[in-house]
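Asker: below is the structure, and that's it, no one-letter string:
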């Protein structure tokens, strides 16, 4: 039997999830934290919203900004009591990124991760497609780009530099 309290909690949870899902990643402003796969859970119990996030890296400098943005967005949406929980297990993986998020990265000029996170000790480097011209004739310039979750590449065809979101 569904009670009025259960219905209110469910609709509050759905509303809180929509608000949290719309929070933009501070390092890649075309992605929401839902696109990125950082948003893991949203629950509402006794009027208290708890949001669980998993950062892309354990030392990700954007975590504090994401926490602040979540607190602000949810309190502005009328939720008085909000907690943001950061969890490192299971570790974030690019497999959690949405296909829409990967397309947003490509359109923004960042090569999205391709394939699935590797399991096992052997990693094979694959070509990274240029998000501007589509060429596979690219080279890594620096293992770390504008943020630690990206590497800096250059396209040998169009000569444009670009970030590549690393697979992990």
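Answerer: Sure thing, it's come through. Here the structure is a predicted model, which means the values were calculated and not measured. Residues are numbered from 1 along each chain as shown.
Asker: distance between the ends of stretch 79-96?
Answerer: 27 Å (Cα to Cα, to the nearest Å).
Asker: I'd like the average pLDDT over it.
Answerer: Averaged across stretch 79-96, pLDDT comes to 94.
Asker: what comes up buried for that stretch?
Answerer: 79, 82, 84, 86, 92, 94, 96 (16 or more other Cβ atoms under 10 Å). Where C-beta positions appear, they are placed from N, C-alpha and C, glycine not excepted.
Asker: now do stretch 19-38
Answerer: Here stretch 19-38 shows 19-20, 23-28, 31-38 as buried, counting by 16+ other Cβ under 10 Å.
Asker: quick one: which of those is nearest to residue 58?
Answerer: The closest of those to residue 58 turns out to be residue 38 (Cβ to Cβ; 12.9 Å).
Asker: excluding its backbone neighbours, what's nearest the closest one?
Answerer: Among residues not flanking residue 38 along the chain, residue 53 sits closest, at 5.1 Å (Cβ to Cβ, 6 or more residues apart in numbering).
Asker: for the one you found, what are phi and psi?
Answerer: phi -130, psi 150 (degrees, to the nearest 10).
Asker: for it, what are its contacts?
Answerer: Shown in contact with residue 53 (Cβ atoms under 8 Å, 6 or more residues apart in numbering): 33, 38, 39, 40, 63, 66, 67, 70, 84, 85, 86, 87.
Asker: between those residues, which is nearest residue 13?
Answerer: residue 39 (13.3 Å).
Asker: mind listing what the closest one touches?
Answerer: Here residue 39 is in contact with 20, 21, 23, 32, 33, 51, 52, 53 (Cβ under 8 Å, 6+ apart).
Asker: check residue 152 too.
Answerer: Neighbouring residues of residue 152 by Cβ under 8 Å, 6+ apart: 140, 141, 142, 144, 145, 146, 161, 162, 163, 164.
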